[in-house]
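Q: Predicted model follows, preceded by the sequence.
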Amino acid sequence: MPVDIASALGIGSGINTAQLVSDLVAASRDPKQTLITSRVDDNNAKISALASAKSALSTFTNALSETLSSASYSGQPVSNDTSVASVSLIEGGVPSGLPAQLEVLKLAQAQVVNSLALGDATTATVGKGNFTLTTAAGSFNIAIDDSNNTLNGLAAAINAKNSGTTPSGVTASVVTDNQGARLVLKGAMGAANAFTLAVDDSAEADLKRFAFDGTNANADMTRVQGAQDAQIKIDGVEMFFSDNVVKTAIPYVRIDLNQAAPGKPVTLASDEPTSSVSDLVQEFVTAYNTLRSALNGSTAAGDADTGTSAGALAGDSGVRAMKSFLSDITSTVLSANGPYKTLLDIGIKTNRDGTLAIDRTKLKQVLADNPQAVTQMLNPSVKSDANPGLAGAMQKISDKIVGTNGALVASENKYTAMKKSLVQAQTKLDDQMSSYEERLTNTYSKMQAQLTALKATQTYISQQVSVWTNSNN
C-alpha cells in the first residue's frame, strides 16, 4: 500500500507549535519554580515571625518601663494647700523624703522698670545716641538713630538683643494710658538677673532720660519691682531658687510656688498608689506569658502523627537564645540590697514551657513581711547597674536580644541574605527560561519551514505519481 507522507510527518494535522513550546518550557520551569516559591514563602514566614517577636519584646519592655515610671505604683505627690504650692511627679524615679513641711517665704520675681510718660509711642522722639544694657548674660550695645527714634523703636531695639545664641534676658514693651505712652522693661526671674542701662555721654539729652543704674536715682526711670530669688524652707532647711518652679528640693517632685505665705506651713505628701505591687506582679506575669507562649508557638517542632506543622522559627538559633535570655528573668538580681533580690525570692517561678507562675502564698507573705523591700526591689528609687529593678533587668535582656550584637541579629542577617539569594535565583530562572523558550521557538520555526518545503515536494511527487498511474492505465 502507498504511504501517506503528509500524515506521517503531521503536516496539516493542526499541531500548535507555540503551545508545544509553552508546554515544554513549563515542564522545565515548574519543578524549579515550585522549589523557589516554596523557599520564598518559607523565608518570608521566618522574616515575618522574627519581626513579630522583636516587636512583641519591644512593646513588652517599653510598657513595663512606662508602667513603673508612672505614679500608679509609687503614689502621686500632693499638697494640702495648692494656693501656696502645688506639686507633681517628675518622671524617672520614685519621690523620697515625703511627707515634708514646706514654708514659702518669698516668691522669685523679675526686675521691672518703667519710664516717664511721653506723648505718643510712634511719634514722640526719645533722643538719638548709644546706650548699653547690662544683664547677667553680658553687655549689649543699642543704637538709636533716625530709623528708630520713638518709644516703639526703642522697645524694638532692646527686644532685638533678647534673641540669638546669647539673649539679654530683658524684654521691652510700650504701654499707653491717659498719661501717655511709657517704656516698660522686664528682666528674667531671680536676683542674679537685675539689669542696668547706661547712656553714652555723647547721646542726646532726651535719651539720657532712659538711663537706669539699678536704683531710682534717675526720676525718669523707676524700678517698680526688684529682682529676687524664691526663698523657701523644707523641714526647716532654708533654700533659694531663681524660679518659682522648684525641681531639685525633693527628688522626683516638682514644686510650683504660687504665693508667699510666711509662717504658714504646707504639708507635701504622697497619696496611696492606685495599683498594688501584687497587681504589678500579676500584670507582669500575664504579659510575659503572652510573649513567651507566642515564642513557643513560633519555635514548635512539627508532629507528623498529628499533622501539626512546625513553627516558622523552629530550629532558629537566635530565637532559642532569645528564649534562654528571657528564662533568666526569675534569677536575675534586681536589687543588690535588701532581703529580696530576685523574682524567685518573692514567689515567681518558671514552668517547664518557660512561662511564669506565681506562688501566691509566698508573694502574700513577703508583701506582709516587708512591702517596702519588695517595692524597692521591683522599682528602686535610685536605679543603677547593681539595682536595675524589673524594668532595668528587662531592658538589659532586651539589649542582649535585639541590640547591635543581639541574639536575633544573626537570624535577621541570614534571612535577609536568603531573600536576596532567592531574588537572584528567580531572576536567573526567568532568564534561563526566556533563553530556552527562544531556542525552542527558533528550532520549531526552522522545522516548520522545512516541513512546509517538504509538503510542497510531497505535493509535486503526489501529482507525478498520479500522472504515472493514469498513463499506465
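A: Now that the structure is in, tell me what you want to look at.

Q: isn't residue 181 right next to residue 124, touching?
A: Yes - with contact defined as C-beta atoms under 8 Å, residue 181 reaches residue 124; the gap is 7.1 Å. Quick note: C-beta positions are derived from backbone N, CA and C, even for glycine.

Q: Mutual contacts of those two, please.
A: 118, 151 (C-beta atoms under 8 Å, 6 or more residues apart in numbering).

Q: If you drop the residues flanking it in sequence, what lies closest to residue 169?
A: Of all residues not flanking residue 169 in the chain, residue 188 sits nearest, at 4.0 Å (C-beta to C-beta, 6 or more residues apart in numbering).

Q: so that neighbour is in which element?
A: strand 180-189 (DSSP states H and E).

Q: Just the buried residues of that strand, please?
A: Using 16 or more other C-beta atoms under 10 Å as the burial criterion, the residues of strand 180-189 that qualify are 181-183, 185-189.

Q: got the CA positions of that strand in PDB?
A: C-alpha atoms of strand 180-189 as PDB (Å, rounded to 0.1, in the frame of the first residue of the first chain):
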ATOM      1  CA  GLY A 180       0.700 108.900  77.700                       C
ATOM      2  CA  ALA A 181       3.000 106.100  76.400                       C
ATOM      3  CA  ARG A 182       5.700 104.600  78.600                       C
ATOM      4  CA  LEU A 183       8.600 102.100  78.100                       C
ATOM      5  CA  VAL A 184       8.400  99.100  80.400                       C
ATOM      6  CA  LEU A 185      11.400  96.700  80.800                       C
ATOM      7  CA  LYS A 186      11.300  93.300  82.500                       C
ATOM      8  CA  GLY A 187      14.200  91.100  83.200                       C
ATOM      9  CA  ALA A 188      14.500  87.300  83.900                       C
ATOM     10  CA  MET A 189      13.500  85.800  87.200                       C
END
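
Q: contact partners of the helix or strand just after that strand?
A: Under the assignment DSSP H and E, the closest C-terminal helix or strand after strand 180-189 is strand 196-199. Residues from elsewhere that reach strand 196-199 (C-beta under 8 Å, 6+ apart): 129-134, 185, 207-208, 210-214, 221.

Q: rerun at 7 Å
A: Here strand 196-199 makes contact (C-beta atoms under 7 Å, 6 or more residues apart in numbering) with 129, 131-134, 207-208, 210-214.

Q: Distance check, residue 419 against residue 37.
A: 13 Å (C-beta to C-beta, to the nearest Å).

Q: try residue 226
A: Relative to residue 37, residue 226 is positioned 82 Å away (C-beta to C-beta).

Q: again, but for residue 66
A: In this view, residue 66 and residue 37 are 43 Å apart by C-beta to C-beta.

Q: again, but for residue 96
A: 62 Å.

Q: can you check residue 127 too?
A: On the measure of C-beta to C-beta, residue 127 and residue 37 end up 87 Å apart.

Q: for the residue nearest to residue 57 when sequence neighbours are not counted, phi and psi?
A: Once flanking residues are discounted, residue 57 sits nearest to residue 398: 5.9 Å by C-beta to C-beta, 6+ apart. When read as degrees, to the nearest 10, the backbone of residue 398 gives phi -60, psi -40.

Q: can you count the residues close to residue 398?
A: With neighbours defined by other C-beta atoms under 10 Å, the count for residue 398 comes to 22.

Q: Isn't residue 312 up against residue 46?
A: Yes - between residue 312 and residue 46 there is a contact at 5.3 Å, judged by C-beta atoms under 7 Å.

Q: In which helix or strand does the residue lying closest to residue 250 once chain neighbours are set aside reside?
A: For residue 250, the nearest residue in space outside its immediate sequence neighbours is residue 97; the separation is 5.1 Å by C-beta to C-beta, 6+ apart. Secondary-structure assignment from DSSP H and E places residue 97 in no helical or strand segment.

Q: Repeat that for residue 249.
A: Residue-wise, residue 249 maps onto strand 245-250 under DSSP H and E.

Q: Let's test this: mean pLDDT of that strand, rounded?
A: If you average the pLDDT over strand 245-250, you get 95.

Q: what angle do it and strand 180-189 make?
A: On the basis of axes from the mean of the first three to the mean of the last three C-alpha atoms, to 10 degrees, strand 245-250 is oriented at 20 degrees to strand 180-189.

Q: List of residues touching stretch 240-249?
A: The set of residues external to stretch 240-249 that reach it, using C-beta under 7 Å, 6+ apart, is 90, 107-108, 189-190, 192, 229-231, 234, 239, 254-257.

Q: coming back round to it: shouldn't the residue nearest to residue 169 be in contact with residue 171?
A: No - applying C-beta under 7 Å, one finds residue 188 not in contact with residue 171, separated by 9.0 Å.

Q: Who is residue 143 paired with across the strands?
A: Taking DSSP bridges as the rule, residue 143 bridges to residue 130.

Q: Got the confidence number for it?
A: If you check residue 143, the pLDDT there is 96.

Q: give me the number of residues near it?
A: 13.
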